[in-house]
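> sequence? don't have it. structure:
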Ligand SMILES: Cc1ncc(COP(=O)(O)O)c(C=O)c1O
């Protein structure tokens, strides 16, 4: 198991403090706003991940052997879900990335259902995409 | 249904699939509990009983649809399989350059089998356009039927537009021009009991699961004037008249198109569902559904939602101005309201309407005003957060 980074720990605490779906939704929106948008010409087809209700663009790099992730989409709550993913995965080494339990992560945040619906294919697809990008 | 209520869920996704009546569950239970056997093979008593129950069920289905004979009903897995069956069974009827016409509003199930057939055999796929209200443009459709047209495939009720079309003029023109006609009745059959003799299409498909029946069963109706055109698309047990190592001949319809052990339990339970529907007051149901639909449309208008087209039956697709449909659906889901967001298996249609997606609310005969009230409360709460 990889322990979540301090940023991920902080995020976990904020979600744990939420009472009910409304507070969680507002928090997701807030995180969604933090997610930096890609410029239109960065939204290329190579970076496009289908299988989500709304298309997701993904840019994964490995400077100094650690994951640097950029994600973008139009739906605001999905942006929040992506930011939550980005915070969890950023800075991991390729080995650590392989050990992340995504279901467990979202369920700790009270967002397990978001991973199990049709959107799941989306978030899982992003994870698979990032896994593929690991340096050989 | 009961369990959904216990879980605090409001089911407004009946256009995807419908909840089930007790009569359907009991028929399934009874079939399996009373000792099963395969159909159309064995000489033993259980086998005879199975065959007779299965063929009686086919008869019930035929009567419900007002087909002239049970032998016009081919049992399939559902609408999707029925249309794929046709696209294979009719493949020999086309010359390169022949036209297949499909509605712009078709579900993928009534588009892709024809699109792929057209690609395999160099046919021209032509799309019947929508008018400015988002309904199928019947006038333009009539004009498009011509000497190269060979097959017309349309749905009288779209799972996105929720607008009923009177296909009679199109079907009549198709008959005059000897164009094969295929009606996708997956949504239509749920909200208007089909009268296949009056409709007079060559082929008609629907699915039991949308009609309050079991999963994995549906039908293809084939008018007898077209039976000789249909070549078997799958070969195997049950469907063979004669066979040796190097040749085989198929039985006449319907068995010749039903290779392998059929879904016996599903067929019997589907017939039981139709018997149950038959006993309900269909006028009262229509009025009930129409009143609910008005309530739905009025409520959406009152909140300035953007409707997709001008729905008049069973469902409505909409967007909230400036709100992504996926966000809205997610927050409705959080509140226990089961609606669907996305492209509803009609990607080309949504593209042509320049929509990335839409939220769909769809009604079944069991829904009531309270369900809609819960939906609107959830919608208001969601919009407040997303505003
Ligand atoms: C208009 C229409 N046609 C075809 C289908 C496909 O039905 P099935 O998935 O039961 O084969 C659907 C289901 O959503 C539909 O709404």
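Okay, I see it. As the structure is a prediction and not an experimental result, all values here were calculated from the model.

> Is chain B within reach of the lowest-mean-pLDDT helix or strand in chain A?
One helix or strand of chain A scores below all others by mean pLDDT, DSSP states H and E: helix A:112-116, with a mean of 74. Yes - residues of helix A:112-116 contacting chain B under Cβ under 8 Å from any Cβ of the partner chain: A:113-114. Placement of C-beta: from N, CA and C, glycine included.

> Where does the prediction get shaky in chain A?
Applying pLDDT under 70 to the predicted model, the residue ranges of chain A that meet it are A:1, A:51-53, A:116-121.

> which ones are touching the residue nearest the centre of it?
The residue lying closest to the centre of chain A (Cα atoms, centre = their mean) is residue A:85, at 2.1 Å. By Cβ atoms under 8 Å, 6 or more residues apart in numbering or on different chains, the contact list for residue A:85 reads A:71, A:102, A:123, A:126-127.

> if you set the cut-off to 10 Å instead, what comes out?
Shown in contact with residue A:85 (Cβ atoms under 10 Å, 6 or more residues apart in numbering or on different chains): A:35, A:69, A:71, A:100, A:102, A:105-106, A:123, A:126-127, A:130.

> which of those come close to chain B?
For chain B, no contacts are drawn from those by Cβ under 10 Å from any Cβ of the partner chain.

> Just to check, residue B:290 is in contact with residue B:312?
Yes - checked against Cβ atoms under 10 Å, the pair residue B:290 and residue B:312 is within contact range at 8.7 Å.

> For the stretch 251-387 of chain B, what lies in contact range of chain A?
B:323-331, B:333-336, B:340-343, B:356-357, B:381-382, B:384-386.

> Cross those against strands and list the overlap.
Using DSSP state E, the members of these that fall within strands are B:340-342.

> which residues touch residue B:287?
Applying Cβ under 10 Å, 6+ apart, we find residue B:287 in contact with residue B:281.

> repeat for residue B:271
By Cβ under 10 Å, 6+ apart, the contact set of residue B:271 is B:24, B:27, B:53-54, B:56-64, B:208, B:213, B:217.

> Report the buried members of these.
Neighbour-count burial (16 or more other Cβ atoms under 10 Å in any protein chain shown) applied to the contacts of residue B:271 gives B:24, B:27, B:53-54, B:57-62, B:64, B:208, B:213, B:217.

> These in strands, which ones?
Helix and strand membership here follows DSSP E; of the buried ones among the contacts of residue B:271, not one is in strands.

> May I see those organised as a markdown table, with pLDDT and distance to residue B:238 added?
Listed next are these as a markdown table, based on pLDDT from 0 to 100; distance: Cβ to Cβ, whole Å:
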| residue | pLDDT | distance to residue B:238 |
| --- | --- | --- |
| B:24 | 96 | 25 |
| B:27 | 97 | 22 |
| B:53 | 95 | 16 |
| B:54 | 96 | 11 |
| B:57 | 98 | 16 |
| B:58 | 98 | 14 |
| B:59 | 98 | 18 |
| B:60 | 98 | 20 |
| B:61 | 98 | 18 |
| B:62 | 98 | 19 |
| B:64 | 98 | 24 |
| B:208 | 98 | 20 |
| B:213 | 98 | 22 |
| B:217 | 98 | 16 |
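
> about what we covered before: the least confident helix or strand of chain A: which residues count as buried?
With burial defined by 16+ other Cβ under 10 Å, the residues of helix A:112-116 counted as buried are A:114-115.

> Pull out the buried members of the residues of the stretch 251-387 of chain B next to chain A.
B:323-331, B:333-335, B:340-343, B:356-357, B:381-382, B:385-386.

> Which members of those occur in helices, if any?
Using DSSP state H to define helices, the subset of these located there is B:325-331, B:333-334, B:381-382, B:385-386.

> any idea where the helices of the stretch 51-200 of chain B begin and end?
B:79-89, B:112-121, B:138-144, B:168-176, B:188-191, B:196-199 (DSSP state H, counting those that start in this stretch).

> near the ligand at all, the second one?
Right, helix B:112-121. No - Helix B:112-121 stays out of contact with the ligand when judged by Cβ under 6 Å from any ligand atom, the minimum separation being 10.7 Å.

> What mean pLDDT does that helix get?
pLDDT averaged over helix B:112-121 equals 98, rounded to a whole number.

> What are the contacting residues of it?
Counting by Cβ under 10 Å, 6+ apart, helix B:112-121 makes contact with B:80-88, B:90-102, B:106, B:108, B:123-126, B:151, B:153, B:182, B:345, B:348, all of which sit outside it.

> How about the last one?
Helix B:196-199 is touched from outside by B:62, B:64-68, B:72-73, B:156, B:167-168, B:171, B:181, B:183, B:185, B:188, B:203-204, B:221, B:223, with contacts defined as Cβ under 10 Å, 6+ apart.

> out of the contacts of residue A:85, which are inside strands?
Among the contacts of residue A:85, the members found in strands (DSSP E) are A:69, A:71.

> just the contacts of residue A:85 now: which is nearest the ligand?
Nearest to the ligand among the contacts of residue A:85 is residue A:123, at 24.9 Å by Cβ to the nearest ligand atom.

> correct me, but that closest one touches residue A:81?
Yes - between residue A:123 and residue A:81 there is a contact under Cβ under 10 Å: 6.3 Å.

> Looking at those two, which is more packed in?
Neighbours per residue, other Cβ atoms under 10 Å in any protein chain shown: of residue A:123 and residue A:81, the larger number sits with residue A:81, 28 against 25.

> and that one, what does it touch?
Neighbour list for residue A:81: A:28, A:31-32, A:35, A:52, A:56, A:71, A:73, A:75, A:106, A:109, A:111, A:114-115, A:119, A:122-123, A:126, B:330 [criterion: Cβ under 10 Å, 6+ apart].

> If we use 7 Å, what do you get?
A:28, A:111, A:114, A:123 (Cβ atoms under 7 Å, 6 or more residues apart in numbering or on different chains).

> and residue 27, what is it in contact with?
Looking at chain A here, since you left the chain open. Residue A:27 neighbours (Cβ under 7 Å, 6+ apart): A:14-15, A:18.

> wrong chain, I was asking about chain B
The contact partners of residue B:27, by Cβ under 7 Å, 6+ apart, come to B:268-269, B:272.

> From residue B:3, how far out is the closest residue in space to it that isn't next to it in sequence?
Nearest non-adjacent residue to residue B:27, counting by Cβ to Cβ, 6 or more residues apart in numbering or on different chains: residue B:272, 3.4 Å away. With distances defined as Cβ to Cβ, to the nearest Å, the gap from residue B:272 to residue B:3 amounts to 21 Å.

> just residue A:45 next, same as before
In this structure, residue A:45 and residue B:3 are separated by 44 Å, where distance is defined by Cβ to Cβ.

> Residue B:220 too?
For residue B:220, the distance to residue B:3 - Cβ to Cβ - is 33 Å.

> Could you tell me how many residues sit around residue 78?
Went with chain A since none was named. 27.

> wrong one, chain B
For residue B:78, the tally of surrounding residues (other Cβ under 10 Å) stands at 23.

> Could you check the pLDDT of it?
In this prediction, residue B:78 carries a pLDDT score of 98.

> Check whether it really touches residue B:219, as I assumed.
No - counting by Cβ atoms under 7 Å, residue B:78 sits too far from residue B:219 to count as a contact (8.7 Å).

> what's next to the strand or helix carrying residue B:317, contact-wise?
In the assignment (DSSP states H and E), residue B:317 maps to strand B:315-319. Contacting residues not belonging to strand B:315-319 are listed as B:15, B:160, B:162, B:296-297, B:300, B:305-308, B:325, B:358-363 [Cβ under 7 Å, 6+ apart].

> Report the inter-axis angle for it versus helix B:325-334.
With axes from the mean of the first three to the mean of the last three Cα atoms, to 10 degrees defining the directions, strand B:315-319 sits at 120 degrees from helix B:325-334.

> Given strand B:315-319, what are its sheet partners and their directions?
Strand B:315-319 has the following sheet partners, assigned by DSSP bridges: strand B:306-307 (antiparallel), strand B:358-362 (antiparallel).

> Single out the most deeply packed of the ones you listed.
Using mean count of other Cβ atoms under 10 Å in any protein chain shown, the stretch among the strands paired with strand B:315-319 with the largest mean neighbour count is strand B:358-362, at a mean of 27.

> Fine, thanks again, bye for now.
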